[in-house]
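>>> I'd like to go over a predicted model; first the sequence, then the structure.
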Amino acid sequence: MRHGASVVTANKALLAEDGVTLFEAAERAGADLYFEAAVAGAIPIIRPLRESLVGDEITSVMGIVNGTTNYILDRMDTGTISFAEALQEAQKLGYAEADPTADVEGFDAAAKAAILASLAFHTRVTGADVYREGITSVTPADVASAHDIGCVVKLLAICQLSPPGPAPAERTVSVRVHPAMIPRSHPLAAVGDAYNAVFVESMSAGRLMFYGPGAGGSPTASAVLGDLVTVARNRLRGAVGPGESSYAARPVSKIGSVMTRYYVSLEVADVVGVLATIADVFAEHGVSIETVRQNGRGADAQLVLVTHPAHDAALSATVQALRGLDVVRHVTSVMRVEGD
């Protein structure tokens, strides 16, 4: 860049960790920095956020941005196999590396989420700002439980702008990556195999869906070549494309303040008053229960609850308190529930 060269890159980790330095260098040199291939392979998502929707107010970006984890979770859902078995399949097909840590622990998706949030909300977001959970703890029982309530488990990158309040308080940005249950009616639920999809919501354009192959040599090459052509056209015109847009500089909130829902499955003692005892714990933490179902009797007694939206910190504290109850033998599953 110091020598006037423009740069096209697919290095999402570098952009998420040190994008500010790159953008500043590009601006000083009057050079272009393009990175369509860094997120979701051939899917054109960077350019729409960076250019097409720049006049709109984006309120949410939620997507499946890692093909390896989507393949694994899809196989666990459709093939009723374990995480280890699905991972082995993914490695044989070339979807997963010999060391799959970056994918299955959510590091790859977190870097992409940081890039998407930075563009969508005109705010500098790094990988360190992203709350991250991987999929290694997702069990066939979790997948089956999701199926029972009409949901599917996906590793989601979720970037949200807090809604405006009655007072002119500063709006915040939240960015997180974690497995979640989403209704099978949601557009992202139908994304199978190693495909990616990004669901964007904005004030004027409404809901937009970007879908396609998120990895692989040819899809990545398509995105890189598109950027190269754009850079060449800019050079012929003596112009440069858009640089960093961070004018909003909104604070990035922690996971505890995020509003979400929880799915909680409990093995409980089959005694009178157990439901009332558990409901009291939810009430003490200000968490409202949306649905509750009891399965089995005696030693097999199980309660399955889905909450209304609440702060993640309150939900987490509720689960911790449930673990300390004498009537709760085991908290078998806890997972966030996203989507309408």
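Great, that's in hand.

>>> what mean pLDDT does stretch 184-201 get?
Stretch 184-201 shows a mean pLDDT of 95.

>>> tell me the buried residues in it?
186, 188, 189, 191, 194, 195, 196, 197, 198, 199, 200, 201 (16 or more other C-beta atoms under 10 Å). Using the backbone N, CA and C atoms, a C-beta is placed for each residue, glycine as well.

>>> try stretch 260-274
Buried positions in stretch 260-274, judged by neighbour count with 16+ other C-beta under 10 Å: 260, 261, 262, 263, 264, 265, 266, 267, 268, 274.

>>> please report how far the second one lies from residue 255.
With distances taken as C-beta to C-beta, to the nearest Å, residue 261 is found 14 Å from residue 255.

>>> same check on the last one?
Using C-beta to C-beta, we find residue 274 at a distance of 30 Å from residue 255.

>>> ditto for the third one
Distance, residue 262 to residue 255, by C-beta to C-beta: 13 Å.

>>> could you do the fourth one as well?
Going from residue 263 to residue 255 by C-beta to C-beta gives 17 Å.

>>> next one: the fifth one
Between residue 264 and residue 255 the computed distance is 17 Å (C-beta to C-beta).

>>> if we can go back for a sec, which one of the buried residues of stretch 260-274 is nearest to residue 297?
Nearest to residue 297, judged by C-beta to C-beta, of the buried residues of stretch 260-274 is residue 268 at 10.9 Å.

>>> list the contacts of that closest one.
Residue 268 sits next to 274, 278, 301, 302, 303, 327, 328, 329 when contact means C-beta atoms under 8 Å, 6 or more residues apart in numbering.

>>> most neighbours of all the residues you listed, which one?
Within the contacts of residue 268, neighbour counts (other C-beta atoms under 10 Å) peak at residue 278, which reaches 23 neighbours.

>>> neighbouring contacts of the lowest-mean-pLDDT helix or strand in the chain?
The helix or strand of the chain with the poorest confidence is strand 289-295; it has a mean of 90 (mean pLDDT, DSSP states H and E). With C-beta under 8 Å, 6+ apart as the test, strand 289-295 has contacts from 149, 261, 275, 279, 282, 301-308.

>>> can you redo the residues you listed as a markdown table with pLDDT?
Formatted as a markdown table, the contacts of strand 289-295 follow (pLDDT from 0 to 100):
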| residue | pLDDT |
| --- | --- |
| 149 | 91 |
| 261 | 96 |
| 275 | 91 |
| 279 | 95 |
| 282 | 97 |
| 301 | 85 |
| 302 | 89 |
| 303 | 91 |
| 304 | 93 |
| 305 | 95 |
| 306 | 96 |
| 307 | 97 |
| 308 | 97 |
